[in-house]
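Peer 1: Sequence isn't available, so here's the structure alone:
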């Protein structure tokens, strides 16, 4: 009942000779690092959709730990490679199952398309589960950025670091 998926949007230079979007199958140290962080947080890479870099977690707390690890590690990665223009946005959401609507691939892509580097965004269903976690700073994302087609979804942002550190991404 607490299963949570994450989707990652990356801003990074494409490997030489490649014009395709970055996926879990891209031969890149950055992709390998993120995949390792997903595994270390007890997640599983979702291979079924190459258009979205997603992973599955049995619980929302595992997913939030993975999202924070990804963002923190990207800051450390950038410290070793200044000026490379690397960043990521992470969206946490309930997976689609036979008894829940979850997010469609289109909704995920639209939400991440409006995200900024460094953001960790949570669907309303996930943020409700995490409200009881002490000192987890969440803020509602303005409605202007959450309009998806004809319906509006509620997103919450985890404020995981300072604005100065976010500017590095």
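Peer 2: That came through fine. These numbers come from a predicted model, not from an experiment. Numbering: from 1, shown residues only.

Peer 1: can you pull the contacts of the closest residue to residue 12 other than its chain neighbours?
Peer 2: Leaving aside its chain neighbours, residue 12 sits nearest to residue 86 (4.8 Å; criterion: C-beta to C-beta, 6 or more residues apart in numbering). For glycine as for every other residue, the C-beta is placed from the backbone atoms N, C-alpha and C. Shown in contact with residue 86 (C-beta atoms under 8 Å, 6 or more residues apart in numbering): 10, 11, 12, 13, 30, 74, 77, 78, 169.

Peer 1: Next: residue 56.
Peer 2: Residues counted as contacts of residue 56 (C-beta under 8 Å, 6+ apart) are 3, 4, 5, 43, 44, 46, 95.

Peer 1: try 10 Å this time
Peer 2: 3, 4, 5, 6, 38, 43, 44, 45, 46, 62, 63, 95 (C-beta atoms under 10 Å, 6 or more residues apart in numbering).

Peer 1: That one in helix, strand or coil?
Peer 2: Assigned with DSSP: H, G, I helix; E, B strand; the rest coil, residue 56 falls in the strand class.

Peer 1: What separation is there between it and residue 25?
Peer 2: Noted for residue 56: a distance of 17 Å to residue 25, by C-beta to C-beta, to the nearest Å.

Peer 1: Also residue 79?
Peer 2: 27 Å.

Peer 1: Mind checking which of those two has more residues around it?
Peer 2: residue 25 (12 against 9; other C-beta atoms under 10 Å).
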